[in-house]
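[1] What would the 3D arrangement of this be:
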Amino acid sequence: MDERSFFDEGELVGVLTTQPLDRLLDYKAPEGGCFLGAFVEVPLGPRKVLGVVWGAGKGDYDRSKIRPMNRVLDAAPMREEMMLFLRRAADYTLTPMTAMLRLATRAPGLSDPPSMRKVYRMGSGAPDRETAARTKVLAVLSDYGGLSFTLKELSDMAGVTSSVVKGLVKQGAVREEDAPRDTPYPMLEPALPSKELTADQAAGVAALKQAVASGTYGTTLLKGVTGSGKTEVYLEAVAECLKQGRQALVLLPEIALTAEFLTRVEARFGAKPAEWHSGVTMTERRRAWKMVGQGGAQLVVGARSALFLPYQDLGLVVVDEEHDTSYKQEDGVLYNARDMAVLRASICGAHVVLASATPSLESWANAEAGKYTKLELTSRFGEAVMPDMRALDMRLENLPGTRWISPTLQREVQARVEKGEQSLLFINRRGYAPVTICRACGHQIGCDNCDARMVEHRFLKRLMCHQCGETKPMPEACPSCGVEGKLAPVGPGVERLAEETKELFPDARVAVLSSDLFGSARALKEQIEVIAAGEADIIVGTQLVAKGHNFPLLTLVGVIDADLGLQGSDLRAAERTFQLMRQVAGRAGRAEKKGTALLQTYQPEHPVIRAILSGDEEGFWQAEARERQHVGVPPYGRMAGIVLSSPNVQEVFDLGGAMAREIKPLHAIGAQVFGPAAAPIARIRGRHRVRLLVKADKTAPLQSALQKWVAQFKIPGNVRLSIDIDPQSFY
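    Model prediction:
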């Protein structure tokens, strides 16, 4: 063992803490010594804080004042490859190491000593009588099949008092057990039989198995049309990884997709994996973190932050729907999980699978350049075939000004209702209407804390700001002129579309799928299951419906406003519109009945709309690539967004102006600086926002130049400066 990997009692060690300090802190190793990477509790002033032994101490401080650690925690030490990953991720994103450590320790109770606790799970008995409260408890246990809960978690999730749970324990309907706080997950069995594969799928599986078995780093772009069975292919790569005795991670872009995916994992491997996302209990988060580090979790299914769990031996990372924008973390540590997955895998010798029907241009370009291996699935699984796609030219439709569903689309939906098939009406806008205007004075109701218009949510009877989350009741009178009865909605949202749908099809069963309308992941899962079972004739939905759901009876998709994403100056507008439209259209005809997708558009001749309809994906990517290459933007150039924010608007403009004048470090690498300019949404949560944009050559050392540039300025105390490497949004 390297002598630097262990520190004897009393030796000075450098500890990285989770506190916002810009350096390691020296402490004395405790009785029994400690390993490099050990998770420790150390004193900081009057507090006890979490830290990691990062190396030898500097000793540049009065030794008599250096305090000993409190204790080493009962957790597997952080592996050197994880330490390297955090350092390199911090260097790339220009994030302080303390913030990276916080991201890697986001589990409650890590400082708690090992102990037993009472847990509750489904029992074998039945209650002597059913009550609403008891039914809620049993429903929670059923929904989370096999998971255990603390008394508080179970009663809180069911919305009942703890006495209801205790009563069910006495009757045997709920089991109370003493259990260690953290237990290994059930073993997964990779040798169980898989589903029958098509020739396309079998070829993809063979290639991925060989890549995983090699035990070396590599990235594969798994591109397949919607419904082609990409999931079955990469689950066989997971099976190969488990056979090798290594751990696997599958990242999903939405919690809503988790329930269906876990069912498929259980069917394939005989047990459920570890979960890591905001929908699981704090108890399960702590268990997952501990077991991943100890090797007691073979497979993790999670959101983007699951990349920062302390894997003992990570052999495979799958990024499903890799193009999805939700993989970009937009606050706190600004990172893209797709890129971080590749970084982490390159350090620990794992394989990465980037799966998508419509890959990001970045991944497409890497595959074209030979950096990634490319596997394609060109046909749908079983009897399903790709839907017919065509545009509805809205300039030719006789549509009243208050309606959004064209006569042609209405007739098509009605025909499906009469045949007992399902239709999906898609609009990428939450709420009832994006703007509420007073017809007396012209005032548009805005957020008090942001420069954003408030969106009416009629189902909730409230106005909501989609930037800061602020809500307020829908007023009777105009807040500006005080006139009553003159507030009117402008433009469509999913709720308004649902209202129109119910008027046009009074006998149809209409279901609405929008993230705002569900209080929990469980409620959303239930609605999706109801729709999949055929309990709805027409689905009205937002972007949520585009991602991975399988509705066997769905044969028609109607896109209400195909032009919506083409507006604005976002350099990825065309790419995102193309991806979203193709994904939504792919929901149609996933079983034996052929599907149809109709796009309502006022620009049927637009190149993006034409590419969507023709299905010439390669032609679209090549044209988009040429355009980006010509102007030197990602993936053929580098960009960084700088956002300054402060309650004082003059302060941020003054600092932004000063930064734009002193750009020698950026000029030295040939970079251009644009701005300062007010951000498109110039005020969020009461803070005024100014943006600068830096563009550089693909090979330029951008991060080091940015650090030198920013270091020239003293940032006032109430100004926040954030740097976003590879920005995905420009609001």
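
[2] tell me the domain boundaries of this structure?
    What the record gives for the chain is the domain set 3-104, 116-180, 199-377, 388-433+491-624, 638-725, from automatic domain parsing.

[3] Flag whichever of these has the least confidence on average.
    Per-segment mean pLDDT for these reaches its minimum on domain 388-433+491-624, at a mean of 85.

[4] First-to-last residue distance for that domain?
    Between the start and the finish of domain 388-433+491-624 there is a gap of 24 Å, counting by C-alpha to C-alpha, to the nearest Å.

[5] can you check stretch 14-30 too?
    As for stretch 14-30, its first-to-last residue distance stands at 13 Å under the measure C-alpha to C-alpha.

[6] got it, and stretch 420-434?
    Start and end residues of stretch 420-434 are separated by 33 Å (C-alpha to C-alpha).

[7] just stretch 712-731 next, same as before
    Stretch 712-731 stretches 26 Å from its first residue to its last (C-alpha to C-alpha).

[8] Check stretch 587-597 too.
    The first residue of stretch 587-597 is 9 Å away from its last residue (C-alpha to C-alpha).

[9] need the contact list for residue 674.
    With C-beta atoms under 8 Å, 6 or more residues apart in numbering as the criterion, the residues that contact residue 674 are 692-695. Quick note: C-beta positions are derived from backbone N, CA and C, even for glycine.

[10] Check residue 613 too.
    Under the criterion of C-beta under 8 Å, 6+ apart, the contact partners of residue 613 comprise 389-391, 599.

[11] Please tell me I have it right and residue 238 contacts residue 320.
    No. Taking contact to mean C-beta atoms under 8 Å, the distance of 11.6 Å between residue 238 and residue 320 leaves them out of contact.

[12] Neighbour count: the two, which is higher?
    Counting neighbours by other C-beta atoms under 10 Å for residue 238 and for residue 320 shows that residue 238 has the greater number, 27 against 24.

[13] out of everything not next to it in sequence, what's closest to the more buried one?
    Closest residue to residue 238 in three dimensions, ignoring its sequence neighbours and counting by C-beta to C-beta, 6 or more residues apart in numbering: residue 248, at 4.7 Å.

[14] now swap in residue 67 and tell me
    The nearest residue in space to residue 67 (C-beta to C-beta, 6+ apart) is residue 43, at 5.4 Å.

[15] From residue 114, how far off is that neighbour?
    For residue 43, the distance to residue 114 (C-beta to C-beta, to the nearest Å) stands at 22 Å.

[16] which of the two has more neighbours?
    Taking residue 43 and residue 114 together and counting by other C-beta under 10 Å, residue 43 has the greater number of neighbours (14 against 11).

[17] which parts of the helix or strand where that one lies are buried?
    Under the criterion DSSP states H and E, the helix or strand holding residue 43 is strand 39-44. Within strand 39-44, the residues that qualify as buried are 39-42, counting by 16 or more other C-beta atoms under 10 Å.

[18] do the same with stretch 108-124
    When neighbours are counted by 16+ other C-beta under 10 Å, the buried residues of stretch 108-124 are found to be 110-111, 119-123.

[19] quick one: common contacting residues for residue 238 and residue 320?
    Taking C-beta under 8 Å, 6+ apart as the criterion, residue 238 and residue 320 both touch residue 250.

[20] I figured residue 169 was touching residue 162, is that so?
    No. The pair residue 169 and residue 162 does not pass the contact test of C-beta under 8 Å, sitting 10.4 Å apart.

[21] neighbour count winner among these two?
    Higher neighbour count among residue 169 and residue 162: residue 169, with 16 against 12, using other C-beta under 10 Å.

[22] Fine, thanks again, bye for now.
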